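In: 3D, please:
(chains A and B)
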Amino acid sequence: MKNQTLKILFGFVIFLFSLALGYFTANYLSSNHYFDYWGTIAIFAGAYVLVGIIVSQIFSISLGFLFAADILIINLLFQYYGAWADIFKLVIVGAILIVLYISAAVSLSDRSPKQAVPPPMPPPAA
Amino acid sequence: MELLALVFVWPLLLLVLGIVFISTSDVAGLTLVVPAVVVFLIFIFGLTGRLGEADASAGNAAEDLDHTRRSTVSFSIALLLPIFVKYLLATTQNSLAGMILGLVVGFGVLVWGMFLKNNKVLSYANVLGGIFVIVYLYFQLGTLGQLAQVIAAAFGLIVAVAISIIKFREKLV
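Out: Below you'll find the predicted structure:
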């Protein structure tokens, strides 16, 4: 199996297991009244983001944790977003718009055909 | 630094996309999420080669990923602009000042998108987002007081006429 495929496979496995760990721990802690369910999810999301940043040299681990953190954060937002004050939502959406505008202006300007991304080269025949 | 950017770009895009759909459902209920998904699919599959990619016809995975990244950013900006203005109006309690500010944002990004060169991602996002903002604000005019309605409608009309004069004037040669 190709190394690239294995990386994706392991990244996916890390993503699945980190998600499972987050949700199962939150379930366990809340059902035994040790800790709040959504609080646990938030802590796991933060921890996964940190781990994802720390191990950014290893793509599969980093992406697995970061995508898992994404899912946890989106779930948290889905739960609480409607209850937030409008001014807070305004600030969040405004901040995201600024980030998107900057990234689009800096890295997504039009490219000429010369700048096309080359297709991956096949390995040389032995 | 480049490595970090490479690692974070897709998780961040997924997070932004999640926030776009959550905000959409917060603003207009789940009924508007389905059209939003349709618009997103149109961006992904219908705008191939129109968002400033180098060679859309090449059809390799790297070009496809580049197009998906461009589509996602463009779609997110286009949809977040009216949501931003909606929250702006809600924060100012549907006041005339909020409406005028919203119209300035709407017409501003629309004009910016029309005149922008060398960045089709921003061009498409601004034009579409500006149109969404203006259409949304037009239907919100009814929530204002009578005099405020007149002022806001006059402001919108004047700006639209001014833009038309500047941008679409035929030159008599």
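In: what is the longest helix along chain A packed up against?
Out: Scanning chain A for the longest helix, with DSSP state H as the assignment, gives helix A:3-31. If contacts are counted by 3 or more Cβ pairs under 8 Å, 6 or more residues apart in numbering or on different chains; DSSP states H and E, helix A:3-31 sits against helix A:37-54, helix A:59-80. Heads up, the C-betas are built off the backbone N, CA and C, glycines and all.
In: quick one: mean pLDDT over stretch B:126-142.
Out: Taken as a whole, stretch B:126-142 carries a mean pLDDT of 89.
In: can you list the helices and strands packed on helix A:3-31 in CSV and add mean pLDDT, mean neighbour count and distance to chain B?
Out: CSV is the format used below for the helices and strands packed on helix A:3-31 (pLDDT from 0 to 100; neighbours: other Cβ atoms under 10 Å in any protein chain shown; distance: least, Cβ to the nearest Cβ, whole Å):
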stretch, mean pLDDT, mean neighbour count, distance to chain B
helix A:37-54, 92, 17, 7
helix A:59-80, 89, 21, 4
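In: now the longest helix of chain A: buried residues?
Out: Neighbour counts over helix A:3-31 (16 or more other Cβ atoms under 10 Å in any protein chain shown) mark A:10, A:11, A:14, A:15, A:18, A:19, A:22, A:23, A:25, A:26, A:29, A:30 as buried.
In: and the third one, how far from residue B:67?
Out: Taking Cβ to Cβ, to the nearest Å as the measure, residue A:14 falls 27 Å from residue B:67.
In: so for stretch B:11-31, what gets flagged as buried?
Out: Here stretch B:11-31 shows B:11-28 as buried, counting by 16+ other Cβ under 10 Å.
In: contacting chain A as well, which ones from these?
Out: When contact is defined as Cβ under 8 Å from any Cβ of the partner chain, the buried residues of stretch B:11-31 meet chain A at B:11, B:14, B:15, B:16, B:18, B:19, B:22, B:23, B:26.
In: ok, the residue most central in space within chain B - contacts?
Out: Taking Cα atoms, centre = their mean, the centroid of chain B lies closest to residue B:129, which sits 1.8 Å from it. Residues near residue B:129 by Cβ atoms under 8 Å, 6 or more residues apart in numbering or on different chains: B:77, B:78, B:79, B:80, B:81, B:82, B:109, B:113.
In: same deal with residue B:95?
Out: residue B:148.
In: and the gap between it and chain A?
Out: According to Cβ to the nearest Cβ, to the nearest Å, residue B:95 and chain A sit 13 Å apart.
In: for that residue, phi and psi?
Out: Dihedral pair for residue B:95: phi -80, psi 170, per degrees, to the nearest 10.
In: show the model's pLDDT score for it.
Out: 87.
In: residue B:171 now?
Out: You'll see residue B:171 listed with a pLDDT of 59.
In: nearest residue to residue 18 other than its sequence neighbours?
Out: Let's take chain A. Nearest residue to residue A:18, sequence neighbours excluded (Cβ to Cβ, 6 or more residues apart in numbering or on different chains): residue A:68, at 4.0 Å.
In: chain B was what I was after
Out: Closest to residue B:18 by Cβ to Cβ, 6+ apart is residue A:74, at 3.7 Å.
In: list the contacts of that neighbour.
Out: The contact partners of residue A:74, taken as Cβ under 8 Å, 6+ apart, are B:15, B:18, B:19, B:22.
In: C-terminal to the host helix or strand of the second one, what's the next element?
Out: Right, the one you point to is residue B:18. If you go by DSSP states H and E, residue B:18 is part of helix B:2-28. Under the assignment DSSP H and E, the closest C-terminal helix or strand after helix B:2-28 is helix B:33-41.
In: what residues of that next one count as buried?
Out: B:36, B:39, B:40.
In: quick one, helices of chain B?
Out: Under DSSP H, chain B gives helices at B:2-28, B:33-41, B:61-91, B:96-115, B:120-140, B:146-168.
In: those helices: which one's closest to residue A:97?
Out: Closest of the helices of chain B to residue A:97 is helix B:61-91, at 5.3 Å (criterion: Cβ to Cβ).
In: packing partners of the closest one?
Out: helix A:86-107, helix B:2-28, helix B:33-41, helix B:96-115, helix B:120-140.
In: how much space separates residue B:101 from residue B:66?
Out: 35 Å.
In: ugh, wrong one, I meant residue B:40
Out: According to Cβ to Cβ, residue B:40 stands 17 Å off from residue B:66.
In: how far off centre is the longest helix of chain A?
Out: 12 Å (Cα atoms, centre = their mean, to the nearest Å).
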